[in-house]
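**Student:** Provide a 3D model corresponding to the input given below.
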Amino acid sequence: MQNFNNKVAAITGAGSGIGRALAMNLAQQGCNLAISDVSEAGLADTAEMLGRYPVKVTIQKLDVSDKEAVFAWADQVVADHGKVSMVFNNAGVALAGTVAALEISDFEWIMNINFYGVLYGVKAFLPHMERGGEGHIINISSVFGLASQPLMSGYNASKFAVRGLSESLRQDLESTGSPVSMTCIHPGGIKTNIAKSSRMSSSTASITGTDDNDTVANFEKMFITTPDKAAKTILNGVKKNKRRVLIGPDAHFLDIMVRLLPTSYQWIFTKVVGLQKKMNTKAA
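**Tutor:** I've put the predicted structure just below:
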């Protein structure tokens with residue numbers, strides 16, 4: 001897919017962050033859009049921003065953990081636009097806490113959104129793309145799908161699952177001669193609202209030596225790449241039909257670290273968390 005003019009892109013989580021930036025960049029290149037988000041307010045703001053471009057935009061409030069709703073949306077996108085060329089499975093949430101402290105319901109919550117939301121998007125849109133004779137699936141994983149972090153077991157599990165699904169999907173598509181391709185995205189710290197909307201157990205504060213507000217602030221300090229930069233990198237990867245796209249210097253650094261230190265990187269991360277607790281305790 002060398003250009004996006006007159007294509008149709010479906011984007012989840014388009015009410016803010018990377019999803020909104022993808023919509024804006026695609027609209028600038030003449031791509032028609034079907035955007036969705038669980039936040040009606042965010043979705044409306046994105047739609048208003050897109051009004052300056054001469055492309056067709058349809059909107060849908062959508063909870064990606066609702067399988068029937070995702071499949072119904074895919075059918076509606078094709079009914080509204082006549083086809084679908086790309087789906088960006090972008091919607092996601094974060095979860096922090098030790099495995100011992102988190103409830104099973106916490107893991108179910110994040111897997112239903114971060115993993116099953118992606119799976120539903122793949123299964124709902126892939127048949128439409130194959131019937132249309134072209135398509136590209138873009139799944140958003142994370143650097144946490146490359147390297148595990150302390151206190152992030154739920155998020156790690158969901159993003160590793162997205163990576164595994166995506167890499168196998170790409171091989172399936174190639175093995176079957178499908179006209180559809182797939183790219184898996186691994187962003188580092190992106191300046192979005194995901195930290196503010198995350199769930200955190202009390203174990204996080206006890207281990208890091210901070211309260212929830214400080215923990216969110218510390219996460220946000222690691223967000224060094226803008227959504228617009230991330231969107232441009234993603235779309236460039238789609239044009240080049242890349243299997244994997246790393247976003248941000250932190251993503252490239254972690255990728256290299258895991259390759260060079262496939263097990264001992266865990267010890268390093270654990271020591272970093274311990275050092276942060278000492279520094280936070282002294283500051284308090």
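
**Student:** what about the strands in the stretch 151-284 of the chain?
**Tutor:** Remark: strands assigned in the stretch 151-284 of the chain by DSSP state E, counting those that start in this stretch are 180-187, 199-200, 244-247.

**Student:** looking at the ones you listed, which is buried most?
**Tutor:** strand 180-187 (a mean of 25; mean count of other Cβ atoms under 10 Å). Just so you know, the C-beta spots here come from the backbone N, C-alpha and C atoms, and that holds for glycine as well.

**Student:** now the strands of the stretch 151-284 of the chain as CSV including mean pLDDT and distance to Leu62?
**Tutor:** Output for these, formatted as CSV (pLDDT from 0 to 100; distance: least, Cβ to Cβ, whole Å):
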stretch, mean pLDDT, distance to Leu62
strand 180-187, 98, 20
strand 199-200, 60, 20
strand 244-247, 98, 24
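
**Student:** make TSV out of those and add distance to Ala124.
**Tutor:** Below are the strands of the stretch 151-284 of the chain laid out as TSV (distance: least, Cβ to Cβ, whole Å):
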stretch	distance to Ala124
strand 180-187	13
strand 199-200	26
strand 244-247	23
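
**Student:** can you tell which of these is closest to Leu22?
**Tutor:** strand 180-187 (10.3 Å; Cβ to Cβ).

**Student:** what pairs with the closest one, parallel or antiparallel?
**Tutor:** strand 135-140 (parallel), strand 244-247 (parallel) (DSSP bridges).

**Student:** of the ones you listed, which is nearest Ala47?
**Tutor:** Using Cβ to Cβ, the strands paired with strand 180-187 put strand 135-140 closest to Ala47, at 20.6 Å.

**Student:** so how far is the closest one from its chain's centroid?
**Tutor:** Strand 135-140 sits 11 Å away from the centroid of its parent chain (Cα atoms, centre = their mean, to the nearest Å).

**Student:** same deal with stretch 173-192?
**Tutor:** 11 Å.

**Student:** need the strands paired with strand 180-187 in a markdown table (columns: distance to Asn3).
**Tutor:** Shown next, in a markdown table, are those (distance: least, Cβ to Cβ, whole Å):
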| stretch | distance to Asn3 |
| --- | --- |
| strand 135-140 | 12 |
| strand 244-247 | 18 |
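
**Student:** can you find the helix or strand of this structure with the lowest average pLDDT?
**Tutor:** helix 212-221 (a mean of 50; mean pLDDT, DSSP states H and E).

**Student:** figure out which of the strands of the stretch 151-284 of the chain is closest to Asp172.
**Tutor:** Closest among these, using Cβ to Cβ: strand 180-187, at 8.9 Å.

**Student:** then that closest one to CSV, C-alphas only?
**Tutor:** Written as CSV, here are the backbone C-alpha positions of strand 180-187 (Å, rounded to 0.1, in the frame of the first residue of the first chain):
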residue,chain,number,x,y,z
VAL,A,180,-3.9,-8.6,3.2
SER,A,181,-0.7,-7.8,5.1
MET,A,182,0.0,-7.0,8.8
THR,A,183,2.4,-4.8,10.8
CYS,A,184,2.9,-4.9,14.5
ILE,A,185,3.8,-1.6,16.3
HIS,A,186,5.9,-1.3,19.4
PRO,A,187,5.8,2.2,20.7
